[in-house]
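> next come a sequence and a model predicted from it.
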Amino acid sequence: MARRIEDAIAAYTTPGVEAAVLRLLGVPQAQRLVDWLHCCGVLGTGATHWLAGAMIRLRAAAPASVTLPLLEGLDPADLAVPVEVVSEVLKHAVRGADRTLEARRRARDERLALLAAGSGRRAIETAWDDQAVAYDAADLVILVGPVASLVEPILRRARQRVSRASERAGRYIRLGVRIPAADTAYLSALAALAGLDAIVLAEVDTVDAHFARRICARAGMMVLGTGRVGDDLSAELARALVAEQLAMLAGLPLASWGWITSRPAHHAALASLLAPAFVAHDETVGQDITLPPKGPKLYADALAHLEAWSPPVLDPAALIKKAPGYWNPFA
């Protein structure tokens with residue numbers, strides 16, 4: 001199933017993916033630049049192609065110098081460059097992005113060496129500006145809020161607050177962000193740059209979710225899936241198994257994948273049935289949870305859900321077909 005999903009989405013990109021690529025490479029106005037390219041109908045070649053051309057045209061030493069006002073009055077045709085030039089022009093920016101993500105990974109490892117992660121699995125959700133939340137009581141703090149509020153400075157400040165809570169608690173408290181399906185790729189890039197520990201994906205079988213898993217694998221972050229409202233246990237188990245396999249295909253180690261469920265009975269069952277090291281729950285600590293039987297029927301029901309799983313719905317309005325010469329250094 002996971003391979004079928006990967007094959008179905010491999011030929012496409014999205015504006016969110018392209019904006020994430022530009023932001024990782026250091027472009028400050030990544031979304032505005034991608035919107036312009038998308039309106040011009042040239043995004044299928046990849047935002048990197050036009051970034052390299054803009055750097056040559058503007059004689060810019062780094063992507064950070066490329067802003068939309070500098071390109072006003074130009075036509076994308078003015079920025080076209082041979083395909084083989086793109087990776088050469090951007091090689092230093094790509095190395096810089098890789099170094100940044102690796103630095104975030106090392107910083108997390110150093111904190112974990114000083115403050116080992118607790119053995120609990122309690123997840124709490126909070127708005128980024130909620131000062132009353134007792135972070136110390138959680139094992140995982142998940143930021144939620146309007147997309148416009150989840151910008152890099154906000155994520156960095158949240159990272160600092162949770163780090164201070166970790167020091168008070170004497171154990172490492174993870175920080176994640178719940179990401180809306182429409183902004184999966186771009187917010188995943190921002191979370192990685194801000195040093196967050198995890199993302200919570202609303203969907204598992206989209207182009208943006210695939211890219212988000214790749215970035216998290218590079219940055220040493222966790223990818224957490226979540227059940228849908230109304231799913232019974234077998235349906236949630238099937239969804240979790242697909243998400244697990246997609247995480248493995250993206251290069252995430254088993255310990256960096258997990259699942260969050262808000263249903264107490266589901267939490268107990270999933271924690272015993274799934275391989276991942278982190279199966280979290282919302283506000284279920286201390287409850288007496290009876291573990292449902294995990295006999296052949298549950299597995300048979302989950303298998304039936306997998307066999308009936310529909311291929312990803314490819315919305316032409318949201319997807320962009322990759323053109324020959326497309327290049328994404330983080331894919």
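Yep, it's here.
> please enumerate the strands of the protein.
Assigned strands in the chain, in chain order: 12-13, 122-127, 140-144, 174-179, 198-201, 222-226, 257-261, 278-282, 320-321 (criterion: DSSP state E).
> figure out which of those strands is closest to A30.
strand 12-13 (14.1 Å; C-beta to C-beta). The C-beta positions use only the backbone N, C-alpha and C, and glycine is treated the same way.
> so which residues make contact with the closest one?
L43, G44, G46, V207, L314, L319, I320, K321, K322, Y326, N328 (C-beta atoms under 8 Å, 6 or more residues apart in numbering).
> pLDDT value on P293, please?
Looking at P293, its pLDDT is 47.
> all helices for the stretch 101-250 of the chain, in order.
All helices of the stretch 101-250 of the chain, identified by DSSP state H, counting those that start in this stretch, fall at 152-169, 184-193, 207-219, 233-249.
> now render the ones you listed as a markdown table, adding mean neighbour count and mean pLDDT.
Shown next, in a markdown table, are those (neighbours: other C-beta atoms under 10 Å; pLDDT from 0 to 100):
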| stretch | mean neighbour count | mean pLDDT |
| --- | --- | --- |
| helix 152-169 | 16 | 90 |
| helix 184-193 | 26 | 95 |
| helix 207-219 | 25 | 95 |
| helix 233-249 | 21 | 85 |
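> dump the ones you listed to TSV, plus distance to A134.
Shown next, in TSV, are the helices of the stretch 101-250 of the chain (distance: least, C-beta to C-beta, whole Å):
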stretch	distance to A134
helix 152-169	8
helix 184-193	23
helix 207-219	27
helix 233-249	28
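> out of those helices, nearest to E84?
helix 207-219 (23.6 Å).
> just give me the neighbour total for G325.
The burial count assigned to G325 is 13, neighbours taken as other C-beta atoms under 10 Å.
> list the residues that contact it.
Counting by C-beta under 8 Å, 6+ apart, G325 has contacts T45, G46, H49, V83.
> I'd say the third one and V86 touch.
It refers to H49. Yes. At 5.4 Å, H49 counts as touching V86 under the criterion of C-beta atoms under 8 Å.
> can you check which residues contact both of the two?
By C-beta under 8 Å, 6+ apart, the residues touching both H49 and V86 are W327.
> and those two? Which one has more around it.
Using other C-beta under 10 Å as the criterion, H49 and V86 rank with H49 on top: 27 against 22.
> OK, contacts around that one?
Per C-beta under 8 Å, 6+ apart, neighbours of H49: A80, V81, V83, V86, G325, Y326, W327.
> same deal with L249?
A2, R3, E6.
> any stretches of the stretch 1-150 of the chain with poor pLDDT?
For the stretch 1-150 of the chain, the stretches with pLDDT under 70 are 119-120, 131-132, 148-149.
> next, work out how far apart T184 and D205 are.
11 Å (C-beta to C-beta, to the nearest Å).
> kindly report the same for A93.
30 Å.
> likewise for G258?
For G258, the distance to D205 - C-beta to C-beta - is 18 Å.
> do the same with R122
Taken as C-beta to C-beta, the span from R122 to D205 is 28 Å.
> who's more crowded, these two?
When R122 and D205 are compared on other C-beta under 10 Å, the one with more neighbours turns out to be D205, at 22 against 17.
> quick one: contacts for that one?
D205 touches I5, I9, V242, L246, P312, counting by C-beta under 8 Å, 6+ apart.
> could you count how many residues lie near the second one?
Pointing back at I9 there. Counted with other C-beta under 10 Å, I9 comes out at 21.
> which one is it nearest to, not counting chain neighbours?
V207 (4.8 Å; C-beta to C-beta, 6 or more residues apart in numbering).
> what's the spacing between that neighbour and N328?
From V207 to N328 the distance is 11 Å (C-beta to C-beta).
> overlap in contacts, those two.
Common neighbours of V207 and N328 (C-beta under 8 Å, 6+ apart) are T13, V17.
> among the contacts of L249, which one has the most neighbours?
A2 (18 neighbours).
> quick check, that one in contact with L246.
Yes. The criterion here is C-beta under 8 Å, and A2 meets it with L246 at 4.9 Å.
> so where's the stretch 201-331 of the chain shaky on pLDDT?
262, 264-265, 268, 275-296, 299, 309-314, 316.
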